[in-house]
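Visitor: Got a sequence here, can you model it:
(chains A, B and C)
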Amino acid sequence: MAERFAPGQRVRVRVLDAAGHTRAPHYVRGHAGTVVAVHGHHRLPDDVVAGAADPRVEAVYAVRFAAASLWGSGEHSVTVNLWDSYLSGAESSHV
Amino acid sequence: MSDEHHHDGSIAQQVRVVEALLEERGLTDADEVDAILDSLGTPANGARVVARAWVDEGFRARLIADGNAAVAELGFSMARGPQPQLLVCVENTAEVHNVVVCTLCSCYPISLLGPSPSWYKSEAYRSRVVRDPRSVLLEFGLDLPARTEIRVWDASAETRYLVLPRRPLASEGPNEAELAELVTRNGLIGTATV
Amino acid sequence: MMRNPSTPWEAHVYAVNVALLRRGVYALDEFRDAIERMPPKDYLDASYYARWWYAIRRLLREKGVLDDAEVAAGG
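Guide: Residues are numbered from 1 along each chain as shown, chains lettered A, B, ... in the order given. Prediction:
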């Protein structure tokens, strides 16, 4: 159960073809954030609901997004819990 | 199912019937239902955790490092509900104010705090607090300084967040039990200071 | 049987859900998915625990535990 990402790392939420159940909120899909912590390892809900015989158990990350990057305004941040499959690595350059 | 099945009046009757049928099938029993109902937390539980953290620096550090283990010291468990949850305590400071939501479905640390308030489950709160928390907090009567960093936590997985409010400045002197009485449910969610 | 008739039905919905989850009749993820599969109009008309009840009834039916006829007959 390797963790691909570590606190401090930039990640991007995949734009998911979520025909079924998923736990990536719409408002973060496609956006980049920073991992602040790993919050355990859990079965991927998408797999469980799809009836997978062996649902993937993955790291769940707390990922922090700047409000301004999500909505164009706001000084606050939003930290969302996201499964490993929902994420890809992101370049650390400014966006 | 027809429309009438979604109205609360007819649901109460269905619940009685289904519970009885499930008991007949051995899928639950009255003792188990009672035990689950008895295990529901209340905000007083969260208040005790906060008061202990305010008076005991070692406990506060343990609470931040491992919320599950720390609340277990006080006899509380995050494993009495549907499935075990990871408790993460987020601490308010002079610079940072935390507020909690579950945008996807209203997840809430029910075994520690009891049932969530209706406003927490509303589409309005769930959609607005991630986008404009400052305005939402203002509607709750909380006007934070412009320089305060607001962190919104969206409990989209199995983590449950508990806000550790700042200890009121005038609270030197009261004992732990008196301090616990100062802690409100909204303070534990982040829509109030205490 | 509901021993304390003054306990709100919402609390019993919560308790039934916990009991069924513990026994593995369905998973918590399936429960959330069932609520998400609720027809939009029904979802908007239903109160919070009414949505939970819809999900529980639907999963009991889909898992072959209880169908609508049995529930109707038991009333």
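
Visitor: Could I get the full set of strands for the chain?
Guide: No chain specified, so I'll use chain A. Along chain A, the stretches classed as strands by DSSP state E are A:10-13, A:32-43, A:57-66, A:77-83, A:87-89.

Visitor: my bad, chain B
Guide: Under the criterion DSSP E, chain B contains strands at B:86-91, B:96-101, B:149-154, B:159-164.

Visitor: Return the set of buried residues in the first one.
Guide: With burial defined by 16 or more other C-beta atoms under 10 Å in any protein chain shown, the residues of strand B:86-91 counted as buried are B:86, B:87, B:88, B:89, B:90. (Glycine included, C-beta is placed from N, CA and C.)

Visitor: what's the helix or strand for the residue nearest to the spatial centre of chain C?
Guide: Nearest residue to the geometric centre of chain C (C-alpha atoms, centre = their mean): residue C:56, 2.3 Å. Per DSSP states H and E: residue C:56 is located in helix C:48-62.

Visitor: where does the chain dip in pLDDT?
Guide: I went with chain A, as the question did not name one. A:1, A:92-95 (pLDDT under 70).

Visitor: The intended chain is chain B.
Guide: B:1-6, B:170-172.

Visitor: For it, which segments count as helices?
Guide: For chain B, the helices defined by DSSP state H cover B:8-24, B:30-39, B:43-55, B:57-65, B:67-73, B:110-113, B:118-121, B:123-131, B:133-139, B:176-182, B:185-189.

Visitor: Next, see if the helix holding residue C:56 gets close to chain B.
Guide: Yes: contact of helix C:48-62 with chain B (C-beta under 8 Å from any C-beta of the partner chain) involves C:48, C:49, C:50, C:53, C:54, C:56, C:57, C:60.

Visitor: how about the residues of chain B near chain A?
Guide: With C-beta under 8 Å from any C-beta as the criterion, chain B meets chain A at residues B:86, B:88, B:103-104, B:130-134, B:149-159.

Visitor: PyMOL command to pick out the buried ones of those?
Guide: To isolate the buried ones among the residues of chain B next to chain A in PyMOL, judged by 16+ other C-beta under 10 Å, type:
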select buried, chain B and resi 86+88+103+104+130+131+132+133+134+150+151+152+153+154+155+156+157+158+159
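
Visitor: any idea how far the most centrally placed residue in chain A is from chain C?
Guide: What sits nearest the mean C-alpha location of chain A, by C-alpha atoms, centre = their mean, is residue A:82, with 3.4 Å. Per C-beta to the nearest C-beta, to the nearest Å, residue A:82 is found 15 Å from chain C.

Visitor: circling back: quick check: buried residues in the helix holding residue C:56?
Guide: Along helix C:48-62, these residues count as buried under the neighbour rule (16+ other C-beta under 10 Å): C:48-60.

Visitor: If we check chain A, which of those are in contact?
Guide: The subset of those within reach of chain A, by C-beta under 8 Å from any C-beta, is empty.

Visitor: Now tabulate these in a markdown table and tack on pLDDT and distance to residue B:63.
Guide: As requested, these are exported to a markdown table (pLDDT from 0 to 100; distance: C-beta to C-beta, whole Å):
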| residue | pLDDT | distance to residue B:63 |
| --- | --- | --- |
| C:48 | 93 | 30 |
| C:49 | 94 | 31 |
| C:50 | 95 | 36 |
| C:51 | 96 | 33 |
| C:52 | 96 | 31 |
| C:53 | 97 | 35 |
| C:54 | 96 | 37 |
| C:55 | 97 | 34 |
| C:56 | 98 | 34 |
| C:57 | 97 | 39 |
| C:58 | 97 | 39 |
| C:59 | 98 | 36 |
| C:60 | 98 | 39 |
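
Visitor: out of those residues, what pair is the most spread apart?
Guide: The largest separation in these, counting by C-beta to C-beta, is between C:48 and C:60 at 19.3 Å.

Visitor: And the helices in chain C, which stretches?
Guide: C:9-22, C:28-36, C:40-45, C:48-62, C:68-74.

Visitor: about what we covered before: so which of the residues of chain B next to chain A reach chain C?
Guide: residue B:104.

Visitor: Would you convert the buried residues of helix C:48-62 into TSV that also reports distance to residue A:90?
Guide: Converted to TSV, the buried residues of helix C:48-62 look like this (distance: C-beta to C-beta, whole Å):
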residue	distance to residue A:90
C:48	36
C:49	40
C:50	41
C:51	36
C:52	37
C:53	41
C:54	39
C:55	35
C:56	40
C:57	43
C:58	39
C:59	37
C:60	43
